[in-house]
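>>> What follows is a predicted protein model with its sequence.
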Amino acid sequence: MTSYALGLDYGTDSVRALLVDALTGEEVTSNVVYYPRWKKGLYCVPAKDQFRQHPLDYLESLEQVVRGLWSKAPAGAAQQVVGVSFDTTGSTPVAVDSEGVALALKPEFAENPNAMFVLWKDHTAIKEAQEITAAAHKSSENYLKYEGGIYSSEWFWAKTLHVLREDSSVAKAAYLWVEHCDWMSAMLTDTTHPSKLRMGRCATGHKLMWHESWGGYPPNDFFVGIDPLLNGLRDRLPAETFTSDQVCGGLSAKWADKLGLPINTPVGFSAFDCHMGAVAAKVKPGVLTKIMGTSTCDITVATYDDIGDKCIAGICGQVDGSVTPGFVGLEAGQSAFGDLYAWFRNLVNWPVTNILQNSSLLDEDTKQKLAQEIEDQTLVALSNAASKLAIGEAGITALDWVNGRRTPDADQSVAMAIAGLKMGSSAPHIFRALVEATAYGARAIIERFKQEGVAINSVVAIGGISKKSDFVMQTCADVWNCPIEVLESEQSCALGAAIFAAVAGGVYPDVASAQKVMASSVCKTYTPNANAAAIYEGLYQKYLKLGTFVSAGGVGGNA
C-alpha cells in the first residue's frame, strides 16, 4: 500500500502543500495558496518596517491548500497519508492568551496588527534588540554566545518586548508568545493551551536563546533587568524542546475533518523553512545550503567534534539538532536578496505603472494586464542587459542592506548604498551592481564561517531565484569562487518537511534513512569562471570598504 508524506511550507507570501510517495521519493503533486490579507498589504507599514500577518491567513490557506491538493492527487491519497510536518518563516511570533488562543482570533483584537504574527522581516524592534545584546554582554553569563553574540530585531524576544511596550491592551491580554512553526503543530494537534504546548528545537534554539546548558532559557532576572514587562514570560515557556523527527501529536478530529485526513495522523514538530530545505538538500559538513528567495537563509551542519567549544561569532545561532539530529545546525543569511531586486523593479517601474493607473485612454482590464506584463518582464529584461556588460565596466559598487544586515553581525539599522553613479549609469548598470551586491553579501557569510573554523567547500542552492536566473547564479559562483549545485525539486522546503513527516509516520527510523530515498537530486551545477573570479576579488574589497564606511555612519549608517 502506498504511503504518502505531506509537507507544508509556509513562506512569506503563500503556503505550499507537497505530497510525496515516501517509499519512492516521487513528488506526486503540489498546490499553492496565497494569503489574501497579506496580498492586499493589510496590517503592514513598509515605511516603518512593520510587517504583520493575520492568523486567519494561515488557517484559511491551510484548509484551502490541502483540500485543493486532493483534487490533483490520486484517488484515495488522503487516506494513505502517514504523517504531516510544517516549516514556516521565522522568527514570526504571535501573542496568545491564557487559553492559548492567538489574540487576533478574538473579536476585540481582530484588526489590531500588534495582536498578529510579527513576520520575520518586521524590523520595528531595533531598539529592543540592541538592549538585549547590551544586557547579554554585561551579564556574568553571555546568553548570546550560541546565537552569534548579537541579538536581532528579527527575533522573538525583541519583537515581543517591542509590542508589549507599544500596545498596553496586547500586553494585558498576552499570556505567552509562540512562534509560527510551533503554533501550526500545536493547532493541528489541539495542544495550543499553555499547559499542553510543546515547542521544537529549531525556533527556540536559534531565536529564543534556548540552550540546554542553562536549563532552557536565560533566567527570569535577566529579562526583568531589560524590562519588567518581560517578567514571568520565560517561566511560562516549556523548558523541554524537541527535534523535528519527533511526533508532536496526532491530528485532531476537528482538523482531520477540515483537511480530509485520517484522525490521529502523526504531526511532527515544526521548524523554519530554511532548516527543512537543507534536509531536502542532504546537508552535510562542509556544504552550505542556501535558500534563495526574498531573503536568504544559509544552513550548514557540523559534527560535535568539529564544533567543540567554539562559539561562532556573528551568525544566527548554533543549535544541537536544529537541522538534523546528531549534528549542530548553523544558520546565517541575508535580510534581502530577491527583495532587493524587487525594490529596484518597483523603483524603475513607478512612473509607468502610475501613468497606466491614471490613464483615461485604457479600460481597467487592459491597464491591469499591461501593468502585470511590465512587472513580469522587468527583471528578465534587466538581467539580459546586465549579463552583457563587462565585469566592473560601470564602476558601480552597491551594498545589499536594503532591509538591514542579518549576517555577519546582525544590524538592522544599517542602510544600503550605491557608489560610483554617473550620468552614463543606466538601469542595467545599476541592476548588475545590485546582483553583485547580493553575491558579495553572501560571500561575506561564507568568509565568516571559514574565519571561525567552519569548513565551506561548496554550496547547494534552493528556492525560486536558483531556478530562474542563470545570470544571478553564475555571478554568485564567480564571486564565491566555488561550485553551486541547484536542486531539482521546485518545493525543497516542503520536501524537507515531507521527509520529517515520513519519519514521524514511521516509514523510516531516522532522517538519514529517509533522505536516501526522498531527498532531491541536483538539476544543474554552476562552476566559477577563473577570470571572472579573479576580477571579483578586487571588486569584493570595494564592497567591504563601502560597507565599513556606511556602518560607521558615513551614509545612512547608525553612528
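Arrived safely.

>>> use CA for all of it now, contacts and neighbours both
Fine.

>>> Need the three-state assignment for residue 145.
Following DSSP: H, G, I helix; E, B strand; the rest coil, the label given to residue 145 is coil.

>>> And the residue nearest to it when sequence neighbours are not counted, its phi and psi?
Of all residues not flanking residue 145 in the chain, residue 311 sits nearest, at 5.9 Å (Cα to Cα, 6 or more residues apart in numbering). The phi and psi values for residue 311, taken as degrees, to the nearest 10, are phi -120, psi 110.

>>> How many neighbouring residues does residue 48 have?
Burial of residue 48 is recorded as 10 neighbouring residues (other Cα atoms under 10 Å).

>>> give me every residue that touches it.
Contact analysis of residue 48 by Cα atoms under 8 Å, 6 or more residues apart in numbering lists residue 124.

>>> could you redo the last one with a cut-off of 10 Å?
Shown in contact with residue 48 (Cα atoms under 10 Å, 6 or more residues apart in numbering): 122, 123, 124.

>>> same deal with residue 502?
3-7, 20-23, 81-85, 245, 266, 268, 496, 508-511, 514-515, 518.

>>> repeat that for 8 Å
Residues near residue 502 by Cα under 8 Å, 6+ apart: 4, 5, 22, 82, 83, 84, 508, 514.

>>> likewise residue 340?
Residue 340 neighbours (Cα under 8 Å, 6+ apart): 294, 400, 402, 434.

>>> Next: residue 236.
176, 194.

>>> residue nearest the centroid of the chain?
By Cα atoms, centre = their mean, the mean C-alpha position of the chain lies nearest to residue 89, the distance being 4.5 Å.

>>> What values do phi and psi take at it?
phi -70, psi 170.

>>> Repeat that for residue 487.
phi -70, psi 150.

>>> ok, and the closest non-adjacent residue to it?
In space, and not counting its chain neighbours, residue 487 is closest to residue 522: 4.4 Å by Cα to Cα, 6+ apart.

>>> and the gap between the one you found and residue 446?
Separation of residue 522 from residue 446 (Cα to Cα, to the nearest Å): 21 Å.

>>> can you give me the helices in the stretch 151-300 of the chain?
For the stretch 151-300 of the chain, the helices defined by DSSP state H, counting those that start in this stretch occupy 156-166, 168-173, 180-188, 201-207, 220-226, 233-236, 253-259, 273-280.

>>> Can you add distance to residue 98 and mean pLDDT and give these back as TSV?
Formatted as TSV, the helices of the stretch 151-300 of the chain follow (distance: least, Cα to Cα, whole Å; pLDDT from 0 to 100):
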stretch	distance to residue 98	mean pLDDT
helix 156-166	16	98
helix 168-173	8	98
helix 180-188	14	98
helix 201-207	20	98
helix 220-226	19	98
helix 233-236	10	96
helix 253-259	21	98
helix 273-280	28	96
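
>>> What ranges does the stretch 351-500 of the chain have for its helices?
364-387, 427-451, 464-468, 470-480, 492-504.

>>> Same question for the second one: list its buried residues.
Translated: helix 427-451. 428-449 (16 or more other Cα atoms under 10 Å).

>>> got a list of contacts for it?
With contacts defined as Cα under 8 Å, 6+ apart, helix 427-451 is touched by 312, 314, 332-334, 337, 340-341, 344, 348, 382-383, 385-387, 389, 394, 396-400, 407-408, 455-456, 472, 475-476, 479-480, 540, 543.

>>> redo that, cut-off 7 Å
Helix 427-451 is contacted from outside by 337, 382, 385-386, 394, 396-400, 407-408, 455-456, 472, 475-476, 479-480, 540, using Cα atoms under 7 Å, 6 or more residues apart in numbering.

>>> repeat for stretch 405-419
Stretch 405-419 has contacts (Cα under 7 Å, 6+ apart) with 123, 126, 150, 152-153, 314-315, 332-335, 396-404, 444-445, 448, 551, 556-558.

>>> who's sitting farthest from the centroid in the protein?
Most peripheral residue of the chain (Cα atoms, centre = their mean): residue 361, 42.6 Å.

>>> I'd like to know which elements the lowest-mean-pLDDT helix or strand in the chain is packed against.
Across the helices and strands of the chain, the lowest-confidence element by mean pLDDT, DSSP states H and E is helix 464-468, at a mean of 89. Helix 464-468 is packed against strand 286-292, with contacts defined by 3 or more Cα pairs under 7 Å, 6 or more residues apart in numbering; DSSP states H and E.

>>> Give me the residue ranges of the chain where confidence is low.
554-559 (pLDDT under 70).

>>> again, 80 this time
1, 553-559 (pLDDT under 80).

>>> Go through the helices of the stretch 151-300 of the chain and pick out the most buried.
helix 273-280 (a mean of 30; mean count of other Cα atoms under 10 Å).

>>> between that one and strand 286-292, how many degrees?
130 degrees (axes from the mean of the first three to the mean of the last three Cα atoms, to 10 degrees).

>>> what angle do helix 273-280 and helix 492-504 make?
Here helix 273-280 runs at an angle of 70 degrees relative to helix 492-504 (the same axes, to 10 degrees).

>>> now for helix 273-280, which elements pack on it?
Applying 3+ Cα pairs under 7 Å, 6+ apart, we find helix 273-280 packed against strand 81-88, strand 296-302, helix 492-504.

>>> Check which residues of the next helix or strand after the last one are buried.
Using DSSP states H and E, the helix or strand that directly follows helix 492-504 along the chain is helix 511-518. Judged by neighbour count using 16+ other Cα under 10 Å, the buried positions of helix 511-518 are 511, 512, 514, 515, 517, 518.

>>> Let me have those in TSV, adding distance to residue 28 as columns.
Below are the buried residues of helix 511-518 laid out as TSV (distance: Cα to Cα, whole Å):
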residue	distance to residue 28
511	20
512	21
514	16
515	17
517	14
518	12
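
>>> show me the contacts for residue 207.
Applying Cα under 7 Å, 6+ apart, the residues contacting residue 207 are 91, 155, 156.

>>> Can you verify my assumption that the second one contacts residue 93?
Read it as residue 155. No: using Cα atoms under 7 Å, residue 155 is not in contact with residue 93, being 8.4 Å away.

>>> coming back round to it: which one of the buried residues of helix 511-518 sits closest to residue 36?
Nearest to residue 36 among the buried residues of helix 511-518 is residue 518, at 31.9 Å by Cα to Cα.

>>> Three-state assignment for the closest residue to that closest one other than its chain neighbours, please.
In this structure, residue 518 finds its nearest non-sequential neighbour in residue 25, 4.1 Å apart by Cα to Cα, 6+ apart. Of the three states, residue 25 takes coil under three-state DSSP.

>>> gap between the residue nearest to residue 145 and residue 439?
26 Å.

>>> thinking again about what came up before, can I get the contacts of residue 48 in CSV with distance to residue 365, neighbour count and secondary structure?
Shown next, in CSV, are these (distance: Cα to Cα, whole Å; neighbours: other Cα atoms under 10 Å; DSSP: H, G, I helix; E, B strand; the rest coil):
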residue, distance to residue 365, neighbour count, secondary structure
122, 34, 25, coil
123, 36, 25, coil
124, 37, 20, coil
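
>>> can you redo the residues you listed as TSV with distance to residue 251?
As requested, the contacts of residue 48 are arranged in TSV below (distance: Cα to Cα, whole Å):
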residue	distance to residue 251
122	31
123	35
124	36
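
>>> ok, of these, which one's closest to residue 468?
Comparing the contacts of residue 48 against residue 468 with Cα to Cα places residue 122 closest, at 26.5 Å.
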